[in-house]
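# quick one, structure for this:
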Amino acid sequence: MSHPRRLTIATRASRLALWQAEHVRGRLLALYPDCSVELLTLTTKGDQILDRALSKVGGKGLFVKELETALLDGRADLAVHSLKDVPIELDPSFDLCSILARADPRDAFVSNSYAGLADLPAGAVVGTSSLRRESQIRARYPGLQVRPLRGNLDTRLAKLDRGDYDAIVLAAAGLERLGLTSRIRARLDVADSLPAAGQGALGIEILAARADLRAWLAPLASAETTACAVAERAVSRIVGGSCQIPIGAYATVEGETLRLRALIASVDGQRFARSDVSGPVAQAAEIGATAARELLDGGAAEIMADLASS
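Have a look, this model is predicted:
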């Protein structure tokens, strides 16, 4: 197989996105030391619109559109994404060709004054960008105020530090990647805060027609994380999940068995549909489909209909 001579990675401009792109760059240089790997840094609409919740302005696709445009016009060969930010349905022109090994998938509790959600007094303000997190927090701690929190990771921490929030909930993986593990006061158990599909994993997107790139990037992929992501993303694909719906999906692998837990909730945390399905790793997509059907049969269809009409 021929080796690449020059590759350009499209990335968002945030510090975390640049870390992720540099991580992939390092992996590529380890594989292909004679290759020149450069970064193309772009600002997306998702980075620009910070005064409204993602669920109100177009969802996760706002974080990938400009990167996909760079792939289409040849300015970049590949784009690196946080997998949980990648829309479930991609245009056929693109291919999510490699999913790297997942870091910690859990949500992290961050506060300057409190050790965990249970320590917050009634009326305390918790910030989160995610309806999924919001619904699960409201269900367990109805006395707390949950308010929207937008911006890149550094911006969110700055808002906490200036006193806008008593605590915020972020992805643990992002904090770890930027060397901010000391900010984590507690890691939320997945039973209490089920992660988003793909949380903690990086995905590489290319043009579907680039078979050469697909072959070059294949060694970066983790078979286990890929199987988990296939199952998790299948849930969202089948139920029609989006930023407008509190939905979680988290798969783990033990031996040859994949276990998938999933939920759909009302934003107020009053209603939940849950599923817990296990089966052979090789049947990841089918496990995701089974979990989705269990959710829909268990009340998710009604919850989603109410969300759509509200």
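# so where is the stretch 151-300 of the chain shaky, pLDDT-wise?
Using pLDDT under 70 as the threshold, the predicted model of the stretch 151-300 of the chain has low-confidence ranges 241-243.
# center of this protein - which residue?
What sits nearest the mean C-alpha location of the chain, by CA atoms, centre = their mean, is K84, with 1.9 Å.
# I'd assumed S236 was in contact with I264.
No: the pair formed by I264 and S236 falls short of the contact definition of CB atoms under 8 Å, at 9.7 Å. In short, each C-beta sits where N, CA and C put it, glycine included.
# out of those two, which sits in the busier spot?
Neighbours per residue (other CB atoms under 10 Å) separate I264 from S236, with I264 holding more: 31 against 24.
# the stretch 101-250 of the chain: helices as residue ranges?
In the stretch 101-250 of the chain, the helices defined using DSSP state H, counting those that start in this stretch lie at 131-140, 153-161, 172-177, 211-217, 223-239.
# ok, which of those comes nearest D34?
Nearest to D34 among those is helix 211-217; the distance by CB to CB comes to 12.7 Å.
# the closest one packs against which elements?
Helices and strands touching helix 211-217, as assessed by 3 or more CB pairs under 8 Å, 6 or more residues apart in numbering; DSSP states H and E, comprise strand 94-99, strand 202-207.
# need the overlap of contacts for I264 and S236.
Contact criterion CB atoms under 8 Å, 6 or more residues apart in numbering; residues shared by I264 and S236: I247.
# how's the protein carved up into domains?
Domain assignment for the chain by the TED database gives 6-101+201-221, 107-187, 232-309.
# save those domains as CSV, and put in distance to S193 too.
Output for those, formatted as CSV (distance: least, CB to CB, whole Å):
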stretch, distance to S193
domain 6-101+201-221, 14
domain 107-187, 4
domain 232-309, 8
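# so which of these comes closest to P195?
With respect to P195, and counting by CB to CB, the nearest of the domains of the chain is domain 232-309 at 4.7 Å.
# any chance you could map the strands in the stretch 51-200 of the chain?
Counting by DSSP state E, counting those that start in this stretch, one finds strands in the stretch 51-200 of the chain at the ranges 78-82, 94-99, 107-110, 125-128, 145-148, 167-171, 186-187.
# mean neighbour count and distance to L220 added to these, as a markdown table?
Formatted as a markdown table, the entries for the strands of the stretch 51-200 of the chain read as follows, by neighbours: other CB atoms under 10 Å; distance: least, CB to CB, whole Å:
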| stretch | mean neighbour count | distance to L220 |
| --- | --- | --- |
| strand 78-82 | 26 | 10 |
| strand 94-99 | 22 | 5 |
| strand 107-110 | 25 | 26 |
| strand 125-128 | 22 | 31 |
| strand 145-148 | 16 | 34 |
| strand 167-171 | 25 | 21 |
| strand 186-187 | 18 | 26 |
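# okay, and R293 sits in which element?
Using DSSP states H and E, the element containing R293 is helix 284-295.
# my read: A273 touches L263, true?
Yes: at 6.6 Å, A273 and L263 qualify as touching, with contact defined as CB under 8 Å.
# who touches the helix holding R293?
Residues external to helix 284-295 that are found in contact with it (CB under 8 Å, 6+ apart): 227-228, 230-235, 237-239, 249, 251, 258, 260, 262-264, 273-279.
# what about I206, neighbour count?
Taking other CB under 10 Å as the criterion, the count of residues near I206 is 22.
# next up, the contacts around it.
If you count contacts by CB under 8 Å, 6+ apart, I206 has them with 71, 77-79, 94-95, 97, 213-214, 217.
# who's it bridged to?
The bridge-partner assignment for I206, based on DSSP bridges, gives D95.
# what's the spacing between it and Y32?
Here the criterion is CB to CB, to the nearest Å. By it, I206 lies 16 Å from Y32.
# E176 too?
Counting by CB to CB - E176 and Y32 are separated by 27 Å.
# could you do L42 as well?
With distances taken as CB to CB, L42 is found 24 Å from Y32.
# who has more neighbours out of those two?
Of the pair L42 and Y32, L42 is the one with more neighbours under other CB under 10 Å, namely 19 against 16.
# I'd assumed A171 was in contact with G200.
Yes: the pair G200 and A171 passes the contact test of CB under 8 Å, sitting 6.9 Å apart.
# identify the contacts common to those two.
Shared contacts of G200 and A171, counting by CB under 8 Å, 6+ apart, come down to K84.
# give me the contact list for the helix or strand following the helix holding R293.
Along the chain past helix 284-295, the next helix or strand (assigned with DSSP H and E) turns out to be helix 301-309. The set of residues that contact helix 301-309 without belonging to it, under CB under 8 Å, 6+ apart, is 239-240, 244-245, 264-267, 271, 273.
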